[in-house]
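[1] Whatever this is, show me its structure:
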Amino acid sequence: MVDMHLHTTASDGALSPTELVEKAYEKGIKVLSITDHDTVDGLEEGRKRARELGIEFINGIEISCDWLGKEVHILGYFINCDDEKFQSEIKALRDIREKRNEKMLEKLEKNGIYITLEELQEEAKGDILSRSHMANIIMRKGYAYSKKEAFSRYLGQHGIAYVPKSNLTPDRAVRIIKENGGLVSLAHPKLITRDRGQILKIVNGLKKEGLDALEAYHGKFEINDVKYYIELAKETGLLWTGGSDFHGNERDVIEIGDGEVPMYVYESLLIYYEGGRI
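    Numbering: from 1, shown residues only. I've put the predicted structure just below:
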């Protein structure tokens, strides 16, 4: 099987890169990509363990963006981690994330929920501090019974402490990955909005910037979703990607391999990439 959407402790996942690769191996995964949010810090460790276990490993990243108040995530594959300009761009993303976190903590405090930056840093096992880490603390302090509630009441798009990543647009994220030489896919389009007209607008706009694919397989997609996004990819002249979007958190029902991505999806991407059409 193939899983090209996985998260580790380098961002908001529960498993280290080594632990993630080992669990993927146990589940029979033959090809995987670590796609942590706004960082490539876990790739070297993950690639080393994958090589030892005979798993095909793809350097990946998931860049978090904002589009007209909606969250849009851009996946990048075959990333060149030695690219200094790319590393500089990623550092800028981290700075944006840190400023956003500070604003969200301020909003939470104004609403009687006290979380310090030190607590957030302690909760995160890597350098990326995320809303997922905030949600864990919110639950632990008794402000919410579940992660879903923490996001719906406080941290999600309609939550009282939500702050959009207004400084980073999807088209910029696409350009960052393309300039690096990577392959770009729009992550889990169904989770952006259920308005398919808006999705088409996003796809057409990003295709002009170099979008290569849509994520048609996902751990939360049903078979009809998969069929629809494959057809949409065909209609717009794009390829498609897939992965579970596994984080490994206790309340996350997604497991490694969910989405059931067939091998031909990876093989098609590899032919496209190695064919020099990026």
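[2] Check which helices and strands the helix or strand hosting Leu108 is in contact with.
    Leu108 belongs to helix 84-110 when assigned by DSSP states H and E. When contacts are defined as 3 or more Cβ pairs under 8 Å, 6 or more residues apart in numbering; DSSP states H and E, helix 84-110 packs onto strand 56-67, helix 117-123, helix 131-140, helix 170-180. Quick note: C-beta positions are derived from backbone N, CA and C, even for glycine.
[3] Minimum distance to Leu43: which of those has it?
    Closest approach to Leu43 among those is made by strand 56-67 (5.2 Å; Cβ to Cβ).
[4] in that closest one, what counts as buried?
    57-67 (16 or more other Cβ atoms under 10 Å).
[5] pLDDT (mean, whole number) over it?
    Averaging pLDDT along strand 56-67 gives 92.
[6] Report all helices and strands that that strand contacts.
    Using 3+ Cβ pairs under 8 Å, 6+ apart, the elements in contact with strand 56-67 are strand 2-6, strand 31-34, helix 43-53, strand 70-77, helix 84-110, helix 170-180.
[7] so how far is the third one off the chain centroid?
    The one in question is helix 43-53. 19 Å (Cα atoms, centre = their mean, to the nearest Å).
[8] I'd say Arg100 and Tyr162 touch.
    No. Using Cβ atoms under 8 Å as the test, Arg100 is too far from Tyr162 to be in contact (9.8 Å).
[9] These two: which has the busier surroundings?
    Arg100 (22 against 18; other Cβ atoms under 10 Å).
[10] Let me know the helix or strand that the closest residue to Ile230 other than its chain neighbours is in.
    Nearest residue to Ile230, sequence neighbours excluded (Cβ to Cβ, 6 or more residues apart in numbering): Ala216, at 4.7 Å. Here Ala216, judged by DSSP H and E, is contained in strand 213-218.
[11] Quick check: closest non-adjacent residue to Gly182.
    Gly182 sits nearest to Gly76 (Cβ to Cβ, 6+ apart), 4.4 Å away.
[12] which stretches of the protein have low pLDDT?
    126, 165-167, 250-252, 275-278 (pLDDT under 70).
[13] picking up where we left off before, got the buried residues of strand 56-67 as a markdown table, with distance to Gln198 columns?
    Output for the buried residues of strand 56-67, formatted as a markdown table (distance: Cβ to Cβ, whole Å):
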| residue | distance to Gln198 |
| --- | --- |
| Phe57 | 34 |
| Ile58 | 29 |
| Asn59 | 30 |
| Gly60 | 26 |
| Ile61 | 24 |
| Glu62 | 20 |
| Ile63 | 20 |
| Ser64 | 18 |
| Cys65 | 15 |
| Asp66 | 14 |
| Trp67 | 9 |
